[in-house]
Every structure is written in C-alpha cells, then in structure tokens.
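> output the structure for:
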Amino acid sequence: MRNYQITEWVHHFIREQVQPGDICIDATMGNGNDTVLLSELAGETGKVFAFDIQEMALVHTQEKLCRKGCVSNYRLLLQSHECMGQYASEESVSCIVFNFGYLPGGDHKKATRADSSIRAIEEGLKLLKKKGLMTLCIYSGGDSGFEERDEILGFIHRLDSRKYLVIQSEYINRPNHPPIPVLIVKL
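Down below sits the predicted model:
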C-alpha cells in the first residue's frame with residue numbers, strides 16, 4: 001500500500017466520484033491542487049467553482065491550471081466558501097472539497113475559522129446531489145489551533161445518519177497533530 005498523504009488519500013475517493021459533466025466545488029482553493037483534479041475529472045462538459053479569500057490563492061491556482069493545460073471549465077472566485085450557494089443549485093453538485101487551516105506558504109494568521117467553515121459545510125450539504133461526496137481535510141495544531149477542528153468534528157458527528165454517511169479516519173501513529181480526513185456521502 002502507498003504511503004498516502006491526506007490529500008492523496010481523499011483524491012482516491014474523488015477520482016471514484018467525479019464523472020465528466022459533473023459540477024464540483026473546491027471550497028478552499030489554496031494552491032490549486034484540488035481545483036486541477038476536479039477540472040480534469042469533470043472535463044469539458046463539467047463545471048468547477050473554486051473559492052478562496054486570498055488573492056495569492058487565485059493567482060497560484062490560475063497558474064497551475066494553465067501549466068496543466070486544463071480546459072476552461074472552472075471559475076475562480078475571490079470569496080468565502082460560505083458563498084457557494086450563489087453559484088450552484090441545491091442537489092446539483094457531485095463533489096465538494098475542503099481543506100481547513102491556512103494556505104500553504106501563505107500568512108498563517110489568515111486561516112479558516114470554525115463559524116464560517118461550519119456554515120460553508122451546511123451550505124455544501126444542501127448543494128450535494130444524492131450520492132454526492134464531500135471531503136474534509138482538517139488540519140490543526142500550533143498555528144491553526146484546535147477550536148476549528150473540535151467544532152467541525154462536533155458538527156459532523158451530529159449529522160443525521162439517515163441523510164449522510166460520515167467516515168472519519170485518522171493517522172494514529174503520526175506525531176504533532178496529524179490532519180484528519182473525513183468523507184461525507186449524501187444518502
């Protein structure tokens with residue numbers, strides 16, 4: 001078995017989920033790795049909406065999309081992930097990807113926060129179609145703290161089991177507060 005990093009692990013499930021023509025959302029665009037994957041998988045007939053509040057994230061993502069030769073099936077938005085409902089209708093999205101914490105290589109003081117992240121997850125759950133997938137990569141520790149992690153985990157533990165399948169995994173033998181991968185499937 002491969003030595004998966006958290007993003008590689010969730011990419012495995014994203015590849016199983018997204019089909020050509022799908023609508024997808026990268027709720028926390030960062031440096032664009034998830035946006036590129038979603039764009040490639042959704043193809044020419046699909047659509048990808050990517051959100052971030054830092055202009056540097058948009059610049060890095062646009063550069064990466066161009067370098068990878070991705071088709072123009074994406075829209076990069078300098079907005080909070082809470083706004084995703086303005087761009088997709090309810091039960092229309094195949095896959096939504098979140099990475100909580102701060103922009104790698106960016107200002108560690110500009111990080112996701114529990115209140116807006118939970119509102120974005122709630123909004124995303126409305127947008128997911130039946131059998132749609134939401135992935136959460138929850139980073140915590142020194143810079144980003146533990147409040148967001150704890151509040152998100154508390155929130156997802158309370159999701160109705162008749163409406164959502166929630167799978168939380170963990171790296172149990174890694175030091176320094178390893179990230180937590182979560183998969184949510186809308187039933």
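
> would you list every one of the strands in the protein?
Along the chain, counting by DSSP state E, strands occupy 23-26, 47-52, 74-78, 93-100, 128-138, 164-168, 180-186.

> mean neighbour count, these: which tops it?
Greatest average neighbour count among those goes to strand 23-26 (a mean of 28), per mean count of other C-beta atoms under 10 Å. (C-beta placed from N, C-alpha, C; glycine too.)

> tell me the average confidence for it?
Average pLDDT, strand 23-26: 98.

> residues in contact with it?
Here strand 23-26 makes contact (C-beta atoms under 8 Å, 6 or more residues apart in numbering) with 18, 34-35, 38, 41-42, 46-51, 84, 87-88, 92-97, 124, 127.

> what of stretch 6-15?
Contacts of stretch 6-15 (C-beta under 8 Å, 6+ apart): 2, 4, 33-34, 37-38, 41, 95, 97, 99, 133, 135, 137, 169, 171, 178-179, 181, 183.

> for the closest residue in space to Ile180 that isn't next to it in sequence, what are its contacts?
Once flanking residues are discounted, Ile180 sits nearest to Ile138: 4.3 Å by C-beta to C-beta, 6 or more residues apart in numbering. By C-beta under 8 Å, 6+ apart, the residues touching Ile138 are Phe100, Gly101, Glu148, Arg149, Ile152, Leu153, Pro179, Ile180, Pro181, Val182.

> low-scoring stretches of the protein, by residue?
1-3, 102-113, 141-145 (pLDDT under 70).

> show me where it has helices.
For the chain, applying DSSP state H gives helices covering 6-17, 33-42, 55-67, 114-127, 147-157.

> got the CA coordinates for the shortest one in CSV?
What follows is helix 33-42, C-alpha atoms only, in CSV (Å, rounded to 0.1, in the frame of the first residue of the first chain):
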residue,chain,number,x,y,z
ASN,A,33,-4.2,21.1,-6.4
ASP,A,34,-7.9,20.1,-5.8
THR,A,35,-9.1,22.5,-8.4
VAL,A,36,-6.9,21.0,-11.1
LEU,A,37,-8.0,17.4,-10.2
LEU,A,38,-11.7,18.4,-10.3
SER,A,39,-11.2,20.2,-13.6
GLU,A,40,-9.5,17.2,-15.1
LEU,A,41,-12.2,14.8,-13.9
ALA,A,42,-15.2,17.0,-14.8
